[in-house]
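S.K.: 3D, please:
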Amino acid sequence: MQINSLEQKIRRIKEEYADLPMILPPACDDEIGRHSRLLTGNGFPSIPQEYAEFLKICNGYAFNGAELYGTGSVTKEGSSFTPLDIASLTIERNKYYEEYSGLLGKTLLWFGSDIDGDYFTYDDKTGKYQRRSHECFSDVWEEYDTFKELFDKGM
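M.R.: So this is what the prediction gives:
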């Protein structure tokens, strides 16, 4: 039910704004599984089920100042913009987070950013989707119970 309304919202954005949003083709289960194994093999949480369902709708999204990363650094035909992939961003951001804050950040899955440079994360310990400060990673601006709630309110 939730994903259907999310799918409808993405379809509506695509229709209303034509070529403006970058909404990449869906990821397959194998791509999502490979990325989850890469993450867990490096000690990070796997891609949460709700975000995996989003990736099956679109494997990367950039619109209205928000970017949500998928399973690969792919781009839309005719565009020079290439979004990051979720595993690379998670591994890189967690290393920086640990160096910067002295805190072990391996419970965080980093899956996007916004126009202000803030990051979208999923905290495996709390099960919450978050918007985190780009200046101080330990500052959580907003928390959401579901990915759909983040997408609806935070985008």
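S.K.: and Thr126, helix, strand or coil?
M.R.: Three-state call for Thr126 (DSSP: H, G, I helix; E, B strand; the rest coil): coil.
S.K.: what stretches of this structure score poorly on pLDDT?
M.R.: Within the chain, the ranges that satisfy pLDDT under 70 run 1-4, 18-21, 73-83, 100-106, 137, 154.
S.K.: For it, just list every one of the helices.
M.R.: 2-17, 29-41, 49-55, 86-101, 147-154 (DSSP state H).
S.K.: these two touch, right, Leu150 and Lys128?
M.R.: No. Checked against CB atoms under 8 Å, the pair Leu150 and Lys128 is beyond contact range at 9.3 Å. Where you see a C-beta, it was placed from the backbone N, CA and C, and this is true even at glycine.
S.K.: ok, Leu84 - how many residues close by?
M.R.: Using other CB atoms under 10 Å, Leu84 is surrounded by 20 other residues.
S.K.: How far off centre is stretch 117-133?
M.R.: For stretch 117-133, the separation from the chain centroid amounts to 9 Å (computed by CA atoms, centre = their mean, to the nearest Å).
S.K.: related to what we said a few turns ago, who wins for proximity to Ser138 among the helices of the chain?
M.R.: Among the helices of the chain, the nearest to Ser138 by CB to CB is helix 86-101 (5.4 Å).
S.K.: Which elements pack onto the closest one?
M.R.: The contact analysis (3 or more CB pairs under 8 Å, 6 or more residues apart in numbering; DSSP states H and E) places helix 86-101 against helix 29-41, strand 108-114.
S.K.: re the thing from before, okay if I get the helices of the chain as TSV plus distance to Ile23 and mean neighbour count?
M.R.: Output for those, formatted as TSV (distance: least, CB to CB, whole Å; neighbours: other CB atoms under 10 Å):
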stretch	distance to Ile23	mean neighbour count
helix 2-17	6	13
helix 29-41	16	16
helix 49-55	11	20
helix 86-101	16	18
helix 147-154	13	18
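S.K.: would TSV of the ones you listed with distance to Asp114 be doable?
M.R.: Formatted as TSV, the helices of the chain follow (distance: least, CB to CB, whole Å):
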stretch	distance to Asp114
helix 2-17	16
helix 29-41	22
helix 49-55	16
helix 86-101	14
helix 147-154	8
